[in-house]
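A.B. asks: Sequence and predicted structure, then a few things I'm wondering about:
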Number of protein chains: 2
Amino acid sequence: MPLDATLDTASLSGGSLLLAWQLKGKRVLVVGGGNVASGRIESVLVADALVTLIAPRSGLHKMTEQLLETTDRMTYHDRVFAGPPDLEGVDMVLTAIDDVDTSRAICELCRARRIPVNVADIPPLCDFYFGSQIRTGPLQIMISTNGQSPKLAALLSKRIEAVLPENVGDAVTKVGQLRGKLRERAPGVGGEVGKRRMRWMVDVCTAWDLEDLAMLDDTMMEKLLNDGWEYNRVPRVQEVAGERKANGTAAARPPAAKPANPFLGHIAGFLLGVACTAIALLARRA
Amino acid sequence: MPLDATLDTASLSGGSLLLAWQLKGKRVLVVGGGNVASGRIESVLVADALVTLIAPRSGLHKMTEQLLETTDRMTYHDRVFAGPPDLEGVDMVLTAIDDVDTSRAICELCRARRIPVNVADIPPLCDFYFGSQIRTGPLQIMISTNGQSPKLAALLSKRIEAVLPENVGDAVTKVGQLRGKLRERAPGVGGEVGKRRMRWMVDVCTAWDLEDLAMLDDTMMEKLLNDGWEYNRVPRVQEVAGERKANGTAAARPPAAKPANPFLGHIAGFLLGVACTAIALLARRA
């Protein structure tokens, strides 16, 4: 499962290198206007890319038309791919067209220029593959079956999404903010203070539930840093949230439709079973 | 959560582009011999890369020494980075050294040559980030918090790993094999047959449990294709597995410590609740 502490050389193959590619301010060329291209455009816009789209308007997907109207990060050319000049200043190329020969030609041009390229549906022409993705706030999860079964990747993605705590995105955002505040309070790159910062953040994330981390606001973060970081300890949630915890938790937490802990399901089921049976039997007895 | 059908332009930012980078036969230069470098080497070996390692032997991590002994895909130079010639023929560069100036210099050389580069711990010098990873067979999962909280990524990774069915890696492998056999039986790229193949595979993956897919062997695959694909239907597991299903399932499935479906927990709990209460109440009545 995770890359193991004990070494198993035999298992060191057959995979991909899973990465979070950075596209802020980079230019991505998308060739094609259909369903697949539309999904690609959305994925790269999420990563703050600038997009150039080349595709005849007649074949544009509805969602792509909407994106063209609503975002200022897209440049659109109503035509087919026209050769090398289209690749100038481009940092990544994604094609999703039916024309295999053009796809192959674009791939070759990209490789000669060391521009990373993905040609939809033709794996040998891809420097990288996409996988099933989950995104909530700053949290992103990718599920890849390395081309074995996109459908299973999609099914697993749904299964994983169902067990993520409802407000996990908020928890990630809040922990990011807390780290920022801590770095302001105790600045410096690397060294002793860097290590102490990292250790304390790990302690906080381990001691607190995701649900409680998601509740953090400015006041709570200040208190956590004043009473925790300054004394090199991790206060309990109740200390930091005070009254809010008693009131707040119930309000902040969504109903247990997606239990954080799978055993909650067992317990809830058990109690329901007890209740139903008791009612049924007692009713019969009465 | 997944990139939505309804468009929310405001949410289209702040993320990365999650990718499965292909490294088969590509050369990755790793600069540095410590703990972080060691993890990087393992990750790229998994993706079938050829690795060049530049790092003084005195600082080599134990695991890296082991890898140097056991794999023939590594070339080792017992020295520090020596400048541009070290980048010749290199497809990706990963540095994990304490010397910030050298890191910066390597990054600049890479960018001038359009070689993707990751400098550990210095995000602005990274074309891509790593995230927490899960791997089992051909299934790989990456959890990225986009730099907000590596610790939360690690915690979520454990939580996700705990809900994955025990033999999910086998299921992915078997479905990949089934697809291969189907492609042999009904060859051709794209077109009607391609669509029909894809639909049938989706139907099989939807109709069968992961646990049953993981049980598939050559005989069962043949039967599934003969009785299923040829008649454009999806046989039930029992039809294909025959006796094996009755005997096999119980043996093949691990104990239900990790329920495949979160609702199984509710149902099991409910039944247990019914049983306990019935026994308790009926015992009292007797």
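C.D. replies: Arrived safely, thanks for sending.
A.B. asks: Now do the nearest residue to A:Val119 once chain neighbours are set aside against A:Glu161, distance only.
C.D. replies: Distance criterion C-beta to C-beta, 6 or more residues apart in numbering or on different chains; nearest residue to A:Val119, sequence neighbours excluded, is A:Leu125 at 3.8 Å. For glycine as for every other residue, the C-beta is placed from the backbone atoms N, C-alpha and C. Noted for A:Leu125: a distance of 31 Å to A:Glu161, by C-beta to C-beta, to the nearest Å.
A.B. asks: Next: A:Thr136.
C.D. replies: Distance from A:Thr136 to A:Glu161, by C-beta to C-beta: 8 Å.
A.B. asks: So for these two, which sits in the more crowded spot?
C.D. replies: Using other C-beta atoms under 10 Å in any protein chain shown, the more surrounded residue of A:Thr136 and A:Glu161 is A:Thr136, with 20 against 17.
A.B. asks: Specify the beta-bridge partners of that one.
C.D. replies: Counting by DSSP bridges, A:Thr136 is bridged to A:Leu139.
A.B. asks: How confident was the prediction at it?
C.D. replies: pLDDT for A:Thr136: 92.
A.B. asks: wait, doesn't it sit right on A:Leu164?
C.D. replies: Yes: the pair A:Thr136 / A:Leu164 is scored as a contact, 7.1 Å apart, by C-beta atoms under 8 Å.
A.B. asks: List the buried residues in stretch A:59-79.
C.D. replies: Using 16 or more other C-beta atoms under 10 Å in any protein chain shown as the burial criterion, the residues of stretch A:59-79 that qualify are A:Leu60, A:His61, A:Met63, A:Thr64, A:Leu67, A:Leu68, A:Arg73, A:Met74, A:Tyr76, A:His77.
A.B. asks: Wasn't A:Ile141 part of a strand?
C.D. replies: Yes: A:Ile141 forms part of a strand when assessed by DSSP: H, G, I helix; E, B strand; the rest coil.
A.B. asks: Identify the residue spatially nearest to it, adjacent ones excluded.
C.D. replies: A:Ile134 (4.2 Å).
A.B. asks: Could you report the separation of A:Gln238 from chain B?
C.D. replies: As judged by C-beta to the nearest C-beta, to the nearest Å, A:Gln238 and chain B stand 21 Å apart.
A.B. asks: same for the host helix or strand of that residue, what does it pack against?
C.D. replies: A:Gln238 is part of helix A:237-241, with elements assigned from DSSP states H and E. Judged by 3 or more C-beta pairs under 8 Å, 6 or more residues apart in numbering or on different chains; DSSP states H and E, the packing partners of helix A:237-241 are helix A:210-215, helix A:218-227, helix A:243-252.
A.B. asks: So which residues of the stretch 51-200 of chain A form helices?
C.D. replies: A:62-70, A:100-112, A:150-163, A:168-185, A:191-207 (DSSP state H, counting those that start in this stretch).
A.B. asks: closest to A:Phe130 out of these?
C.D. replies: A:Phe130 lies closest to helix A:150-163 among the helices of the stretch 51-200 of chain A, at 9.3 Å (C-beta to C-beta).
A.B. asks: Break chain A into its domains for me.
C.D. replies: A:27-130, A:131-164, A:168-252 (automatic domain parsing).
A.B. asks: gap between the two ends of the first one?
C.D. replies: By C-alpha to C-alpha, to the nearest Å, the extent of domain A:27-130 from end to end equals 18 Å.
A.B. asks: Over to the shortest one?
C.D. replies: The first and last residues of domain A:131-164 sit 18 Å apart, counting by C-alpha to C-alpha.
A.B. asks: Run the chain-centre distance for it.
C.D. replies: Once both centres are worked out by C-alpha atoms, centre = their mean, to the nearest Å, domain A:131-164 turns out to sit 9 Å from its chain's centre.
A.B. asks: Would you mark the buried spots in it?
C.D. replies: Quick answer for domain A:131-164 (16+ other C-beta under 10 Å): A:131-157, A:159-161, A:163-164.
A.B. asks: And stretch A:195-213, by the same measure?
C.D. replies: A:Arg197, A:Trp200, A:Met201, A:Val202, A:Val204, A:Cys205, A:Trp208, A:Leu210, A:Glu211, A:Asp212, A:Leu213.
A.B. asks: Determine which two of the residues you listed are furthest apart.
C.D. replies: A:Arg197 and A:Glu211 (24.0 Å).
A.B. asks: Figure out how far stretch A:201-212 is from the centre of its chain.
C.D. replies: On C-alpha atoms, centre = their mean, the centre of stretch A:201-212 falls 20 Å from the chain's centre.
A.B. asks: How about stretch A:77-93?
C.D. replies: 29 Å.
A.B. asks: mind checking the end-to-end distance for it?
C.D. replies: End-to-end for stretch A:77-93, by C-alpha to C-alpha: 15 Å.
A.B. asks: ok, residues contacting it?
C.D. replies: A:21, A:23, A:26-31, A:44, A:49, A:52-57, A:95, A:97, A:102, A:106, A:109-110, A:113, A:115-118 (C-beta atoms under 8 Å, 6 or more residues apart in numbering or on different chains).
A.B. asks: Which PyMOL command selects the buried ones in the residues you listed?
C.D. replies: A single PyMOL command selects the buried members of those (16+ other C-beta under 10 Å):
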select buried, chain A and resi 21+23+26+27+28+29+30+31+44+49+52+53+54+55+95+97+102+106+109+110+115+116+117+118
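A.B. asks: out of the contacts of stretch A:77-93, who's near chain B?
C.D. replies: A:Trp21, A:Leu23, A:Val44, A:Ala49, A:Arg113, A:Ile115, A:Pro116 (C-beta under 8 Å from any C-beta of the partner chain).
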